[in-house]
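S.K.: Fold the following and give me the result.
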Amino acid sequence: MFKRNILINLKKWKESSSRKPLILRGARQVGKTTAVDLFAAEFEQYICLNLERHEDRQLFNENYSFAEILSAIFLSRNVRYDKTKTTLIFIDEIQFSSIAIAMMRYFYEQTPELFVIAAGSLLETLMEEAASFPVGRVEYLFMYPLTFAEFLMATDEKEALELLNTIPTPDYAHDQLLQLFHRYTLLGGMPEIVQHYGKKLDLVALNSIYRNLFVSYNDDVSKYVRKTRLVPLVRHAIGQAPNEAGKRIKFHGFGHSNYGSRDMGEALRILERALLIHLVYPTTSVTLPIIPNYQKSPKLQFLDTGLINYVMGLQTYYFSLSDLNSFYQGLICEHIVGQELIAADIMPTGKLAFWVREGAQAAAEVDFIIPHHQYLIPLEVKAGKSGMLRSLHQFVERTNYDFAVRLYAGKIALEQHQVTSGKKYRLLNLPYYLTGQINLLLDHFC
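M.R.: I've put the predicted structure just below:
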């Protein structure tokens, strides 16, 4: 068990005067249960229910009132309901009981002294379909695979973590941090993988864990598909998603199939609600707000880069790499940057976006755009230590701001550049491993 950054947000939730019962959202196996177990040390009493277990699920009996259910919960764990003590109730796998989901509103309305957290798989689907879901009476936190900073913490790279958190990171730490970031990109951020690697440092021994994770996602998602006809489509979608990660996709014929756009779009959106993928849509916005164009082809972001490497058979190539962008058309490098941006909660909506200028003769595309204060900042993930910046220049020409970011294999550098029209702008060059610190670095350099 290793600490996660989400513990900071859980503590803020606990201390909030306007606290509501919390829904912890995230794909299966990203560490939700472990995080809550660690957080439980903040309380005098801790009750953990897992509704996959029949005996725990039976506590939420439709013939019982809320008061009776609450008494049954405390009695089942031989814990006294004492309002003078801080008590955390964790309801794991809550999707197995619609009654338990409905009860969340009563925890909010009738027992505000209790601290209640729920977690489960495909809650997004239940939220759309269940009229009893307590909208407005719960709040949410999202959890993702480990970030690079969490990876360093979990693998006991304390000195490297301290250097990573130094703003700006000193140049002498560059080679070490880049090497560790390559290892993180190779392995990914799934907690079970990182935990086993930290103990044995053996990549071959991890193959069975990767395989079991991938198989479990396939089985789990299919269980919750409400329309039987979509089951084979969802299985196809999850099986092909790692192959299409980092690319712009079309729903029609996705993954070299004969499936139509409507059915495959529905299947991919199920995976997105399960937080196994993100569909990253383009925008032509150069100022806030970011308005995505849902009629254009999105990029596909998969849950975890390590799983992609396993499925695609890319793991053996990492040991000969000097730069992440030197193989697989740079898609893995762009993907891990996207994974870090999602986990860093950069976007207020939780959805990444990229910029396009699509014309009849030429197209331009900037890998990501992010808000910073009142501006939109373009981010380019470029090959090697240099790389052409034509698309970035086209964005800069259209905006009233003079700042852009390139993520690459080199060291931190702030440069002056000029676009064709003569407009000058500042280009902040950042090594890939600083993606998670990008807001702090923008504050420092802007």
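S.K.: so when I look at residue 246, I'm seeing a strand, right?
M.R.: No. Counting by DSSP: H, G, I helix; E, B strand; the rest coil, one finds residue 246 to be coil, located in no strand.
S.K.: Surely it touches residue 336?
M.R.: No. Here residue 246 does not reach residue 336: they are 9.4 Å apart, not a contact under Cβ atoms under 8 Å. (Each C-beta comes from the backbone N, C-alpha and C, glycine too.)
S.K.: For residue 382, give me its contacts.
M.R.: By Cβ atoms under 8 Å, 6 or more residues apart in numbering, the contact list for residue 382 reads 325, 388-389, 406-408.
S.K.: one step back: between residue 246 and residue 336, which one's more packed in?
M.R.: The residue with more neighbours, out of residue 246 and residue 336, is residue 336; 29 against 25, by other Cβ atoms under 10 Å.
S.K.: my read is residue 217 is in a strand, agree?
M.R.: No. Counting by three-state DSSP, residue 217 is not found in a strand; it is helix.
S.K.: quick one on the thing from earlier: reformat the contacts of residue 382 as JSON lines; add secondary structure, distance to residue 194 and neighbour count.
M.R.: JSON lines is the format used below for these (DSSP: H, G, I helix; E, B strand; the rest coil; distance: Cβ to Cβ, whole Å; neighbours: other Cβ atoms under 10 Å):
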{"residue": "325", "secondary structure": "helix", "distance to residue 194": "24", "neighbour count": "22"}
{"residue": "388", "secondary structure": "coil", "distance to residue 194": "35", "neighbour count": "10"}
{"residue": "389", "secondary structure": "coil", "distance to residue 194": "35", "neighbour count": "19"}
{"residue": "406", "secondary structure": "strand", "distance to residue 194": "29", "neighbour count": "23"}
{"residue": "407", "secondary structure": "strand", "distance to residue 194": "23", "neighbour count": "27"}
{"residue": "408", "secondary structure": "strand", "distance to residue 194": "26", "neighbour count": "23"}
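S.K.: For residue 105, which non-adjacent residue is closest in space?
M.R.: Ranked by Cβ to Cβ, 6 or more residues apart in numbering and with sequence neighbours excluded, the top spatial neighbour of residue 105 is residue 134, at 3.7 Å.
S.K.: hang on, that neighbour packs against residue 100?
M.R.: No. Between residue 134 and residue 100 there is no contact under Cβ under 8 Å: 10.9 Å.
S.K.: OK, contacts around residue 50?
M.R.: Neighbouring residues of residue 50 by Cβ under 8 Å, 6+ apart: 56, 92-93.
S.K.: Give me the nearest residue to it, chain neighbours excluded.
M.R.: That would be residue 92: by Cβ to Cβ, 6+ apart, it lies 4.7 Å from residue 50.
S.K.: next one: phi and psi at that neighbour?
M.R.: Residue 92 has phi and psi values of phi -90, psi 150 when expressed as degrees, to the nearest 10.
S.K.: Surely it touches residue 51?
M.R.: Yes. Judged on Cβ under 8 Å, residue 92 makes contact with residue 51 at a distance of 6.9 Å.
S.K.: what's the helix or strand containing residue 74 packed up against?
M.R.: Using DSSP states H and E, residue 74 maps to helix 66-76. Under the contact definition 3 or more Cβ pairs under 8 Å, 6 or more residues apart in numbering; DSSP states H and E, helix 66-76 sits against strand 45-50, helix 98-110.
S.K.: can you give me the angle that helix makes with strand 45-50?
M.R.: Counting by axes from the mean of the first three to the mean of the last three Cα atoms, to 10 degrees, helix 66-76 points 100 degrees away from the direction of strand 45-50.
S.K.: Now do the helices in the stretch 251-400 of the chain.
M.R.: For the stretch 251-400 of the chain, helices defined by DSSP state H, counting those that start in this stretch occupy the ranges 261-273, 305-312, 331-343, 390-398.
S.K.: Quick check: mean pLDDT of the first one?
M.R.: Put plainly, it is helix 261-273. Averaged over helix 261-273, pLDDT sits at 93.
S.K.: From here on, call the first residue 382.
M.R.: Renumbered: residue one is now 382, and that last one reads helix 642-654.
S.K.: mind listing what's buried in it?
M.R.: Residues of helix 642-654 classed as buried by neighbour count (16 or more other Cβ atoms under 10 Å): 644-654.
S.K.: before we move on, back to that, and the helix holding residue 455, how far from the chain's centre?
M.R.: How far helix 447-457 lies from its chain's middle: 35 Å, per Cα atoms, centre = their mean, to the nearest Å.
S.K.: on that earlier part again, and for residue 473 and residue 432, which residues touch both?
M.R.: Common neighbours of residue 473 and residue 432 (Cβ under 8 Å, 6+ apart) are residue 501.
S.K.: ok, now how distant is residue 575 from residue 596?
M.R.: Separation of residue 575 from residue 596 (Cβ to Cβ, to the nearest Å): 19 Å.
S.K.: Against residue 427, how distant is the nearest residue to residue 721 once chain neighbours are set aside?
M.R.: Excluding its sequence neighbours, the residue lying closest to residue 721 (Cβ to Cβ, 6+ apart) is residue 816, at 3.9 Å. From residue 816 across to residue 427, the span is 35 Å (Cβ to Cβ).
S.K.: These two: which is more packed in?
M.R.: More crowded of residue 816 and residue 427, by other Cβ under 10 Å: residue 816, with 26 against 19.
S.K.: Which of the three states applies to residue 798?
M.R.: Under three-state DSSP, residue 798 falls in the strand class.
S.K.: Any buried residues in stretch 676-692, and which?
M.R.: When burial is assessed from 16+ other Cβ under 10 Å, stretch 676-692 yields the following buried residues: 679-692.
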